[in-house]
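**Student:** Provide a 3D model corresponding to the input given below.
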Amino acid sequence: MPTEVWANNAASTLSAAITTTPAAGTVETWSVASTSSFPQIGTAATEQFHATVGPLSDLSPEIVICLAINSATSVNVSRGAEGSTVKTHALGDPFTHTVSAGALGALRDAASNAEAFYWMGG
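**Tutor:** Numbering: from 1, shown residues only. Predicted coordinates for the structure are as follows:
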């Protein structure tokens with residue numbers, strides 16, 4: 001399972017509209033204005049981060065999992081994470097690194113497992 005990684009104030013915008021609404025979990029390559037502020041996860045599939053995409057007025061944005069940063073302007077994302085609705089997105093919509101409930105739950109579980117391992121004499 002990939003490790004969740006974070007960066008402070010990481011955000012960009014879409015540099016191409018997203019016109020598809022595939023099934024949740026579908027992986028697509030998206031163009032963004034810049035990947036420079038995001039955690040530099042590469043393409044080895046050992047790290048990932050969550051992001052929201054959509055206009056700021058959208059109170060229920062799509063959550064995606066960023067699986068790879070391909071270049072200074074290209075990312076691979078898994079659509080519709082954590083039960084969010086897969087949506088179309090306009091050119092210029094915000095693509096913002098986020099701390100999601102799923103990522104926090106995984107962190108909690110990992111910490112709990114580490115604590116149990118420690119107390120069991122591991």
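
**Student:** can you give me the helices in this structure?
**Tutor:** 101-119 (DSSP state H).

**Student:** first to last residue in stretch 70-90, what's the distance?
**Tutor:** 21 Å (C-alpha to C-alpha, to the nearest Å).

**Student:** Stretch 3-14 now?
**Tutor:** Across its full length, stretch 3-14 reaches 25 Å between end residues, using C-alpha to C-alpha.

**Student:** And stretch 22-32, by the same measure?
**Tutor:** Taking C-alpha to C-alpha, stretch 22-32 runs 19 Å from one end to the other.

**Student:** Show me what it is in contact with.
**Tutor:** 12-16, 18, 20, 67, 70, 73-81, 83-84, 86, 95 (C-beta atoms under 8 Å, 6 or more residues apart in numbering). No exception for glycine: its C-beta is placed from N, CA and C like everyone else's.

**Student:** in stretch 60-80, what's buried?
**Tutor:** Buried positions in stretch 60-80, judged by neighbour count with 16 or more other C-beta atoms under 10 Å: 61-69, 73, 75-80.

**Student:** What is the distance between that stretch and the centre of its chain?
**Tutor:** With C-alpha atoms, centre = their mean, to the nearest Å as the basis, stretch 60-80 stands 5 Å off its chain's centre.

**Student:** quick one: strands adjacent to the strand ranked longest in the chain?
**Tutor:** When the chain is parsed with DSSP state E, its longest strand is strand 62-71. Strand pairing for strand 62-71, using DSSP bridges, gives strand 47-53 (antiparallel), strand 74-78 (antiparallel).

**Student:** Neighbours of the closest residue to A106 other than its chain neighbours, how many?
**Tutor:** Counting by C-beta to C-beta, 6 or more residues apart in numbering, A106 lies nearest to E4, which is 6.2 Å off, once chain neighbours are set aside. E4: 19 surrounding residues under other C-beta atoms under 10 Å.

**Student:** OK, contacts around E4?
**Tutor:** Counting by C-beta under 8 Å, 6+ apart, E4 has contacts E47, Q48, F49, H50, A103, A106, L107.
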